[in-house]
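In: return atomic coordinates for the entry below.
(chains A and B)
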2 protein chains.
Amino acid sequence: MDLRSTPLLTDFYQLNMLQAYLEHSMNKTAVFEFFVRQLPPQRSFLVAAGLEQVLEYLQVLRFSQGELEWLAERGDFSKDFLDYLAAFHFTGDVHAMAEGTLFFAQEPILRVTAPLMEAQLVETRIINILHFQSMIASKAARMVLAAPGKTLVDFGLRRAHGAEAGLLAARASYLVGFSGTATLAAQKIYGIPTYGTMAHSFIQAFVNEEDAFAAFARSRPRNVILLIDTYDTEGAAEKIVALAPRLSAEGIHIHGVRIDSGDIIAQSQQVRRILDVGGLESVTIFVSGGLDERDLRAAAKAGAPISGFGIGTALTTSSDAPALDCAYKLQEYAGLPRRKRSPGKETLPGRKQVWRRYAVGERMTGDIISLEDDRQEGVPLLDCVMRQGSRLGPHATLETARAHAASELRRLPPALRELEPAAPYPVTISDTLRTLATAFDQHLTGPRGASK
Amino acid sequence: MDLRSTPLLTDFYQLNMLQAYLEHSMNKTAVFEFFVRQLPPQRSFLVAAGLEQVLEYLQVLRFSQGELEWLAERGDFSKDFLDYLAAFHFTGDVHAMAEGTLFFAQEPILRVTAPLMEAQLVETRIINILHFQSMIASKAARMVLAAPGKTLVDFGLRRAHGAEAGLLAARASYLVGFSGTATLAAQKIYGIPTYGTMAHSFIQAFVNEEDAFAAFARSRPRNVILLIDTYDTEGAAEKIVALAPRLSAEGIHIHGVRIDSGDIIAQSQQVRRILDVGGLESVTIFVSGGLDERDLRAAAKAGAPISGFGIGTALTTSSDAPALDCAYKLQEYAGLPRRKRSPGKETLPGRKQVWRRYAVGERMTGDIISLEDDRQEGVPLLDCVMRQGSRLGPHATLETARAHAASELRRLPPALRELEPAAPYPVTISDTLRTLATAFDQHLTGPRGASK
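Out: Model (predicted):
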């Protein structure tokens, strides 16, 4: 069983509902939309990511013989239903914002239009994929904005929540402008550049720190970066100064040093002085160790002599906002709009489009959420990317998505580029959409009032 | 490539270091220990989990032909090193605390004793596995303590960070006392009981809410739980009262209702009254929707008439503490203790054991961390579970681990059972261990001072 594509990676209730839908012949066209209800207080914008993995999932989703047998053994699903599952494949349409597109609360970034049973079954995994990558891309974008021109590298596999989170965090952060990742599998699967130096254990395994530095440089002479904070950072920087000429005589150039603890601004300045006095002006300083975007911004403001940052936990767990308040909701069924009215979780009915307006110079100025066929001023953000289960056009590559994200970040209003949230970006609901929501409520209130 | 067991799910630097170790014949016995440096401020204790997945990983870890070819194509690894990787398998020993054991800061819960290259290569994935499951088990244990006697169900796959996080959160929460999960794959893989009702979309897809209730109950007549907050919770409760006798005549019993939004205490009380007045005293109330352990505690204190809780995001992302400050550190190499002294990240050298003392009545009273061979009062918590790459004894089943966790939680001191952290549990460092750390520092300071 491939965990990433098995239809059993879903909530049990999906199958309960599907059997009930089948028995009641409820399989007309349904429209579900994925959106974030509200932004975390620490976010001014979000970045759409994960569409590629959603489309791959929809394309390969099948019940295997072993899975069908296991479901049959449970004893609580009907023969007819198991036959339906045996033939299951996704035949619907998908409209979505391109990966890398910026988005805001209430804006659908993906719409599934499919027979109800298909659109329902895929709910859990679609949320699971889009939520995580959009959350990480949004967090990573703050880091990119906080440290312009710096090399940012994902170091967070070990603290990511499991295998897939580690892999996809590398992808989502690269998508918004990270230079690369430490995760080898992300290079093999997605072609993301890998970066890697050494661990403290390498230094510790040698009796002398100097021997460890020299051994590493000789064995891995390309792009040598030496970790200098195992015992005493300034002492180690002095050892680097002593070692560099000997290595240089062998044709080995020390590219940089890494500091993984302590006050990164003060340490980088002290180390810079030692290196410069020692004639190692070209040796760069790379910093890691529990950093988040505020550390990056502080280092940038202080003009700390740091060329790059390795970022772990804060990135791969989105530690200040480890979840988004997102949902995948039924907005239309059998041609009629639908709405949920649970307190605090009300939805906007119908198939929607998001229109974005730009000022001269390409700055984003505001969005309108409307019904799909209600043309508004601006550029529509949702496009059809899958029709009747088949992808439309060539796949967007990760590099294309990365270029798109960079373009999106350039068009972000200045206030939204700050780490502290500013006045929210203006998103309005079109009149026709509001009218539809009100009409739906009146329709609903009528019979319910009467039935009491 | 199976993402969960590929050796490429690691940091690039592991392979850099390994090639350097190989070239310098540095492959003597190394001892690494996994521990948490300090507890998050919101935690009074942690629960060890994930050992089973670590052992499975160590047993199957091999480089495939395709992976070796891909590494060769990179062009930066030597032929000798690639030959080493082709023959790689784990031949070391593992000592560990049993899954479900409570632990505290600085206490190793797993020790790897292996040739340096093997012990180094497995670092990233071992941390990735133990960190996540221990973090989730620790969060879930707070929920179990906050809602004694209630049915707790993991509803959090959709907001978990990817596929594996969803699956393993189901496992870790069941391990510490959750009743089950909504995640079907967790039932197939780990035998965890599944729970599932219906989504709002099911209600919305029908024109009338009553029709949706009746259709669901007839199609899924076992353990019927109906979701009543889609439009108006009290109105829906009245519809349940009207519907129950009709279903009862067909032999279908409504087991419960679910409320997924709003003030759960007030709503549960209102719904309870409506159900009781309608003669449905036996119908239970199940609650979900953005809950954490504080909501559970508040509901318990208020005596809210709730029989069970579905818990999502707060559980599967450990939202108030989505990472633990954990590490896997070299403590001994080639028979000599090793120590890292980076500011704020100092380690205790040598192979260690944790001893736990109990008062009469089995309450835990304090732990001592000592060197392995320095026998202390109390029960040693680390046992050998793998020798020379082979597991010792029969595998601990998930049910065994669950029973152990329940026993551990019963022995927790009363103050640590509260959600607000109390005075920390007493953990002391043995004299010999302190002496060794000091001796190591003096040894280190000597030559370094001289080399300046």
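
In: where do the helices sit along the stretch 201-350 of chain A?
Out: A:209-219, A:233-249, A:264-277, A:293-301, A:313-316 (DSSP state H, counting those that start in this stretch).

In: just name the most buried of those helices.
Out: Highest mean neighbour count of the helices of the stretch 201-350 of chain A: helix A:313-316, a mean of 28 (counted as mean count of other Cβ atoms under 10 Å in any protein chain shown). Every residue, glycine included, has its C-beta placed from N, CA and C.

In: list of residues touching stretch A:327-337?
Out: Defining contact as Cβ atoms under 8 Å, 6 or more residues apart in numbering or on different chains, one finds that stretch A:327-337 is touched by A:28-37, A:112, A:116, A:123, A:126-127, A:338-340, A:345, A:347-352, A:436, A:440, B:200-201, B:204-205.

In: buried set for that stretch?
Out: Using 16 or more other Cβ atoms under 10 Å in any protein chain shown as the test for burial, stretch A:327-337 gives A:327-333, A:337.

In: show me which of the residues you listed is closest to B:Ile192.
Out: A:Tyr328 (24.1 Å; Cβ to Cβ).

In: tell me the bridge partners for the closest one.
Out: A:Phe34 (DSSP bridges).

In: now do the one 5 residues further on
Out: Note on A:Tyr333: beta-bridge partners by DSSP bridges are A:Ala30, A:Leu336.

In: quick check: it vs A:Ser370, distance?
Out: 20 Å (Cβ to Cβ, to the nearest Å).

In: same check, this time on A:Glu209
Out: 64 Å.

In: for the stretch 1-150 of chain A, which residues are neighbours of chain B?
Out: Residues of the stretch 1-150 of chain A found near chain B (Cβ under 8 Å from any Cβ of the partner chain) are A:1-4, A:6, A:8-17, A:19-21, A:23-24, A:26, A:30, A:32, A:67, A:70, A:76, A:116, A:120, A:123-125, A:127-129, A:131-132.

In: restricted to strands, list these.
Out: A:30, A:32 (DSSP state E).

In: are any of the residues of the stretch 1-150 of chain A next to chain B buried, and if so which?
Out: Neighbour counting with 16+ other Cβ under 10 Å marks A:3-4, A:6, A:8-17, A:19-21, A:23-24, A:26, A:30, A:32, A:67, A:70, A:116, A:120, A:123-125, A:127-129, A:131-132 as buried within the residues of the stretch 1-150 of chain A next to chain B.

In: check contacts around the residue nearest to A:Thr432 when sequence neighbours are not counted.
Out: Leaving aside its chain neighbours, A:Thr432 sits nearest to A:Asp374 (4.9 Å; criterion: Cβ to Cβ, 6 or more residues apart in numbering or on different chains). Counting by Cβ under 8 Å, 6+ apart, A:Asp374 makes contact with A:353, A:430, A:432-433.

In: cool, A:Thr29 as well?
Out: If you count contacts by Cβ under 8 Å, 6+ apart, then A:Thr29 has A:113-116, A:332-335 around it.

In: how much space between A:Phe213 and chain B?
Out: Noted for A:Phe213: a distance of 11 Å to chain B, by Cβ to the nearest Cβ, to the nearest Å.

In: what bridges to the closest residue to that residue other than its chain neighbours?
Out: Take A:Phe213 and drop its neighbours on the chain: the residue closest to it by Cβ to Cβ, 6+ apart is A:Leu226, 5.0 Å away. Under the criterion DSSP bridges, A:Leu226 forms beta bridges with A:Val257.

In: for chain B, see how far away A:Leu226 is.
Out: 12 Å.

In: could you check the pLDDT of that residue?
Out: With respect to pLDDT, A:Leu226 scores 97.

In: rewinding a little: most neighbours among the contacts of A:Asp374, which one is it?
Out: The most crowded member of those, judged by other Cβ atoms under 10 Å in any protein chain shown, is A:Gln353 (24 neighbours).

In: got any ranges where the stretch 201-350 of chain A has weak pLDDT?
Out: Within the stretch 201-350 of chain A, no stretch falls below the threshold (pLDDT under 70).

In: same thing but 80
Out: A:341-345 (pLDDT under 80).

In: and the closest residue to A:Leu9 other than its chain neighbours, how many neighbours does it have?
Out: Spatial nearest neighbour of A:Leu9, chain neighbours left out: B:Ala185 (4.7 Å); criterion: Cβ to Cβ, 6+ apart. Using other Cβ under 10 Å, B:Ala185 has 23 neighbouring residues.

In: and B:Ala185, what element?
Out: Using DSSP states H and E, B:Ala185 sits in helix B:184-190.

In: ok, the residue nearest to A:Thr432 to A:Pro380 distance?
Out: Where A:Pro380 is concerned, A:Asp374 sits at a distance of 11 Å (Cβ to Cβ).

In: list residues touching both of the two?
Out: A:Gln353.

In: next, the contact list for the spatially most central residue of chain A, please.
Out: Residue closest to the mean C-alpha point of chain A, counted by Cα atoms, centre = their mean, is A:Gln133 at 2.3 Å. Going by Cβ under 8 Å, 6+ apart, A:Gln133 touches A:49-50, A:53, A:168, A:171-172, A:175.

In: and these, which is closest to chain B?
Out: Ranked by distance to chain B (Cβ to the nearest Cβ), the contacts of A:Gln133 are led by A:Leu168 at 5.9 Å.

In: wait, the closest one sits on A:His131?
Out: No: at 10.9 Å, A:Leu168 and A:His131 do not qualify as touching, with contact defined as Cβ atoms under 8 Å.

In: keep only those of the buried ones among the residues of the stretch 1-150 of chain A next to chain B that are in helices.
Out: A:12-17, A:19-21, A:23, A:67, A:70, A:116, A:120, A:123-125, A:127-129, A:131-132 (DSSP state H).

In: picking up where we left off before, which two from the contacts of A:Gln133 end up farthest apart in space?
Out: Pairwise over the contacts of A:Gln133, using Cβ to Cβ, the maximum falls at A:Gln53 and A:Leu175, 11.6 Å.

In: the more surrounded of these two?
Out: With neighbours defined as other Cβ under 10 Å, A:Gln53 and A:Leu175 compare such that A:Leu175 has more, 29 against 23.

In: my read: that one touches A:Ala405, true?
Out: Yes: with contacts defined as Cβ under 8 Å, A:Leu175 counts as touching A:Ala405 at a distance of 5.6 Å.

In: overlap in contacts of the two?
Out: A:47, A:99-100, A:137.

In: quick check: residues of the stretch 301-450 of chain A near chain B?
Out: Within the stretch 301-450 of chain A, the positions near chain B by Cβ under 8 Å from any Cβ are A:313, A:317-319, A:322-324, A:326, A:329-330, A:333, A:338-345, A:444, A:447-448.
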